[in-house]
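Asks: Below: sequence and its predicted model.
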There are 2 protein chains.
Amino acid sequence: MRAVCVIGLGLIGGSLLRAVAATGRRAWGATASEADAAEAAAAGFEVSDVATALRRAGEENALIVLAVPLPAVESVARRVAELAPHCPLTDVTSVKAPVADLLSRRAPNPFVGGHPMAGSSESGWSAGAADLFHGAAWVVTVDDGTDPSVWREVAGLALSCGAHVVPATAAAHDDAVGRISHLPHILAAVLAACGADGGPLALALAAGSFTDGTRVAGTRPELVVAMCEGNRAALLDAVDDALGRLGAARGALASTGGLRATITAGHSGRTALEAHRAQPTSPVTIDLDAPDALADLRDLGAAGGRVVRLDGHHAVGELPDGE
Amino acid sequence: MRAVCVIGLGLIGGSLLRAVAATGRRAWGATASEADAAEAAAAGFEVSDVATALRRAGEENALIVLAVPLPAVESVARRVAELAPHCPLTDVTSVKAPVADLLSRRAPNPFVGGHPMAGSSESGWSAGAADLFHGAAWVVTVDDGTDPSVWREVAGLALSCGAHVVPATAAAHDDAVGRISHLPHILAAVLAACGADGGPLALALAAGSFTDGTRVAGTRPELVVAMCEGNRAALLDAVDDALGRLGAARGALASTGGLRATITAGHSGRTALEAHRAQPTSPVTIDLDAPDALADLRDLGAAGGRVVRLDGHHAVGELPDGE
């Protein structure tokens, strides 16, 4: 099995290094954070500076995982191009089209993007855990020109960490996460600020709805800013949708006083989420060597399906019934 | 100890009847819901129709608690005026100024409003529990003309259910809950609808931020609509604040691409919530027979403080240090 080199040992990279090592695979890491490096080394992991880790990746033809914050991807990509230009490459950043575009210009490596949908409002090595990805969705991108053999490597990495794989184009991923990850952070920030504007009495009365609705506003601001700004185009669409809906609620409240349309649409959306999670699925098998493999993977992801296992050159998946 | 008559046996009323009965106090209830009535009776509680319950309240001079949904308050208030016009009266609805206004016109009873800040997205008798109010804030209104002896009765009821009491004017309550309870429901509805607009892929990728941010959108729509529409004036202010902040984020994202101001303000708001909860407090005692009692209670609540115990004619409270 190919070795794994993880660059960046924060919450996601640190959890990934633990998870990969737990499967018995050869794995090492590097980070610019002295605190994360010291903690990872103390926990018994092989940690070095970025150049040393990448040089070793080149020698061992390892799978390189970029787990650095978005603003650091470009400079690390230059080091990858310099020290390990032939290694297969993936990333775990929260936006896929801009990263694919950047890497196509900065690194010649065969690349397939990834994004594990797991996290917490904590950050750094100490917040990580080997089981962080258990049961989580992990997007592995499928775009025109994607090399199915690299896709299989990256999907295999995700599956070995306990995640299931959702295939999607970079653009479809960015649109979706704009709505279900980045917009929630914007609305949580807006809500937290509006609540605090209510002063001590409002904070004293805050119960479940405010606590839940503002939880992710506790995340380190620089991480959220980088994540949301990195998905600017798709997030703008999502924010415009939210502004339109909130403006309509405002108009209805001010004129007829009626909020039924707003609340009913929200209830339907939440019901759709719960229905999706409870929906029975049927098994599907996709031959990754077939000419339609990429299209079949994309269709599976677009229909809300997932890959749960690799069987030789086949991806074994689950497709929601009725999609 | 004065008996308690609870009208409405849904989540809140049903939990209240259980909690009061558990203290050994004489208590009975009534509800228009046959399902709730049957379940409450099967659990061993005294349940009758509304007229019978109110007649008994009049005979025993019980404390009457209106725990019906907001749209039903007016018709029940007419029955109270007819059958038990001398009993002290409180309510547990989510908006205080409109209810106080309505009751001042419909029922001659000595009234002090209440609002326990507890709940769940479930509803009905079966969702209730005797410990629902443990550790929760319970607003007991303090307005000009409030009778301190009725205030003490209502505060005593809340404390006996395991809650702490937050004194506030009806208007200050409505402003605060517009921000920390009703606005969260509106934003959760907007977020849920925007997420579902992203189709099956978006729902398949939804993780913690979307799940937490939309949880209360799963509440029965008619309850949320009634609650939010009932607080129309205060909620409009809160929605306008949110629209302004979301519009500013949109503008910044579209022009400079920068979201730092939005995210930082949200992080500060969330930090303020956590700081409020962790803040040390100093004990205060308020003489409920003193001429300044109402003003002292209002000041305590406005500063984020609470009443935790009644000691004869004194309210014993906690005031956050530094407020």
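Replies: In hand now; what should we look at?
Asks: Next up, the contacts around residue A:21.
Replies: Contact partners of residue A:21, counting by Cβ atoms under 8 Å, 6 or more residues apart in numbering or on different chains, are A:27, A:45. For glycine as for every other residue, the C-beta is placed from the backbone atoms N, C-alpha and C.
Asks: Any buried residues in the strand or helix carrying it, and which?
Replies: In this assignment (DSSP states H and E), residue A:21 forms part of helix A:11-22. Using 16 or more other Cβ atoms under 10 Å in any protein chain shown as the test for burial, helix A:11-22 gives A:11-21.
Asks: The very next helix or strand once past that helix pairs with which strands?
Replies: Once the chain leaves helix A:11-22, the next helix or strand it forms, by DSSP H and E, is strand A:27-30. Within its sheet, strand A:27-30 is paired with strand A:4-7 (parallel), strand A:47-48 (parallel), according to DSSP bridges.
Asks: Dump the ones you listed to JSON lines, plus mean neighbour count and distance to residue A:238.
Replies: JSON lines is the format used below for those (neighbours: other Cβ atoms under 10 Å in any protein chain shown; distance: least, Cβ to Cβ, whole Å):
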{"stretch": "strand A:4-7", "mean neighbour count": "28", "distance to residue A:238": "30"}
{"stretch": "strand A:47-48", "mean neighbour count": "20", "distance to residue A:238": "38"}
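Asks: quick one: buried residues of the helix-or-strand element of chain A with minimal mean pLDDT?
Replies: Every helix and strand in chain A was compared by mean pLDDT, DSSP states H and E; the lowest is helix A:221-230, with a mean of 91. By 16+ other Cβ under 10 Å, the buried positions in helix A:221-230 come out as A:221, A:223-230.
Asks: tilt between that helix and helix A:11-22?
Replies: Calculated by axes from the mean of the first three to the mean of the last three Cα atoms, to 10 degrees, helix A:221-230 forms an angle of 90 degrees with helix A:11-22.
Asks: quick check, distance from helix A:221-230 to the centre of its chain.
Replies: Once both centres are worked out by Cα atoms, centre = their mean, to the nearest Å, helix A:221-230 turns out to sit 13 Å from its chain's centre.
Asks: Tell me which helix or strand comes right after that helix.
Replies: Proceeding C-terminally, helix A:221-230 gives way to helix A:232-254 as the next helix or strand, assigned by DSSP H and E.
Asks: Pull out the buried positions in that next one.
Replies: Taking 16+ other Cβ under 10 Å as the basis for neighbour counts, the residues of helix A:232-254 that come out buried are A:232, A:234-235, A:237-239, A:241-243, A:245-246, A:249-250, A:252-253.
Asks: Among the residues you listed, which ones lie close to chain B?
Replies: A:232, A:235, A:238-239, A:241-243, A:245-246, A:249-250, A:253 (Cβ under 8 Å from any Cβ of the partner chain).
Asks: Now the two most distant members of those.
Replies: Of all pairs drawn from those, the widest gap by Cβ to Cβ lies between A:232 and A:253 and measures 30.5 Å.
Asks: Helices of the stretch 101-250 of chain A, start to end?
Replies: Listed from the start of the chain, the stretch 101-250 of chain A has helices (DSSP state H, counting those that start in this stretch) covering A:148-160, A:170-177, A:183-196, A:199-205, A:208-214, A:221-230, A:232-254.
Asks: between the ones you listed, which gets the lowest average pLDDT?
Replies: Looking at the helices of the stretch 101-250 of chain A, the lowest mean pLDDT belongs to helix A:221-230 (a mean of 91).
Asks: which residues are in contact with it?
Replies: Helix A:221-230 has contacts (Cβ under 8 Å, 6+ apart) with A:69-71, A:93-95, A:98, A:123, A:181-182, A:185-186, A:189, A:216, A:235, B:253, B:257-260, B:263-264, B:267.
Asks: Got a ChimeraX select line for the buried ones in the residues you listed?
Replies: Here is the ChimeraX command that selects the buried residues among the contacts of helix A:221-230 (16+ other Cβ under 10 Å):
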select /A:69,70,93,94,95,98,123,181,182,185,186,189,216,235 /B:253,259,263,264,267
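Asks: Show the contacting residues for the residue sitting nearest the centre point of chain A.
Replies: For chain A, the residue sitting closest to the mean C-alpha position, by Cα atoms, centre = their mean, is residue A:115 at 3.0 Å. Under the criterion of Cβ under 8 Å, 6+ apart, the contact list for residue A:115 reads A:92-94, A:96, A:138-139, A:173, A:177.
Asks: What of residue A:163?
Replies: A:116, A:118, A:133-138.
Asks: Of these, just say which sits nearest to residue A:43.
Replies: Using Cβ to Cβ, the shortest approach to residue A:43 within the contacts of residue A:163 belongs to residue A:133, at 17.9 Å.
Asks: Can you go through the contacts of residue A:163 and name the buried ones?
Replies: Restricting the contacts of residue A:163 to buried positions leaves A:116, A:118, A:133, A:136-138, with burial counted as 16+ other Cβ under 10 Å.
Asks: Can you report how many residues neighbour whichever residue of the stretch 201-323 of chain A sits closest to chain B?
Replies: Checking the stretch 201-323 of chain A residue by residue against chain B with Cβ to the nearest Cβ singles out residue A:266 as nearest, at 2.4 Å. One way to gauge burial is a neighbour count; for residue A:266, by other Cβ atoms under 10 Å in any protein chain shown, it gives 32.
Asks: Kindly report the same for residue A:212.
Replies: Burial measure for residue A:212: 18 neighbouring residues, criterion other Cβ under 10 Å.
Asks: Tell me the spacing between the closest residue to residue A:83 other than its chain neighbours and residue B:140.
Replies: Once its chain neighbours are removed from consideration, residue A:83 has its nearest residue in residue A:54; the separation is 4.0 Å (Cβ to Cβ, 6 or more residues apart in numbering or on different chains). Distance check for residue A:54 against residue B:140: by Cβ to Cβ, to the nearest Å, it reads 65 Å.
Asks: Have a look at those two and say which one is more surrounded.
Replies: Using other Cβ under 10 Å, the more surrounded residue of residue A:54 and residue B:140 is residue B:140, with 31 against 25.
Asks: measure that one to chain A for me?
Replies: In this view, residue B:140 and chain A are 12 Å apart by Cβ to the nearest Cβ, to the nearest Å.
Asks: these two touch, right, that residue and residue B:116?
Replies: No. Between residue B:140 and residue B:116 no contact is recorded; they are 9.8 Å apart, counting by Cβ atoms under 8 Å.
Asks: Overlap of the contact sets of these two?
Replies: Taking Cβ under 8 Å, 6+ apart as the contact rule, residue B:140 and residue B:116 both touch residue B:158.
Asks: OK, contacts around the closest residue to residue A:137 other than its chain neighbours?
Replies: The shortest distance from residue A:137 to any residue that is not its chain neighbour, by Cβ to Cβ, 6+ apart, is 4.4 Å, and that residue is residue A:117. Counting by Cβ under 8 Å, 6+ apart, residue A:117 touches A:136-139, A:177, A:181, B:205-207.
Asks: Tell me the one among these nearest to residue B:109.
Replies: Checking the contacts of residue A:117 against residue B:109 with Cβ to Cβ, the nearest one is residue B:206 at 48.1 Å.
Asks: pLDDT weak spots in the stretch 1-150 of chain A?
Replies: Counting by pLDDT under 70, the stretch 1-150 of chain A has low-confidence residues at A:120-121.
Asks: Can you name the residue of it nearest to chain B?
Replies: residue A:117 (4.4 Å).
Asks: Thought residue B:271 was touching residue A:193, still the case?
Replies: No. Contact between residue A:193 and residue B:271 fails when scored by Cβ under 8 Å: they sit 11.2 Å apart.
Asks: out of those two, which sits in the busier spot?
Replies: Comparing residue A:193 with residue B:271 by other Cβ under 10 Å, the one with more neighbours is residue A:193, at 26 against 14.
Asks: quick one: contacts for the more buried one?
Replies: Residue A:193 makes contact with B:245, B:265-266, B:268-269 under the criterion Cβ under 8 Å, 6+ apart.
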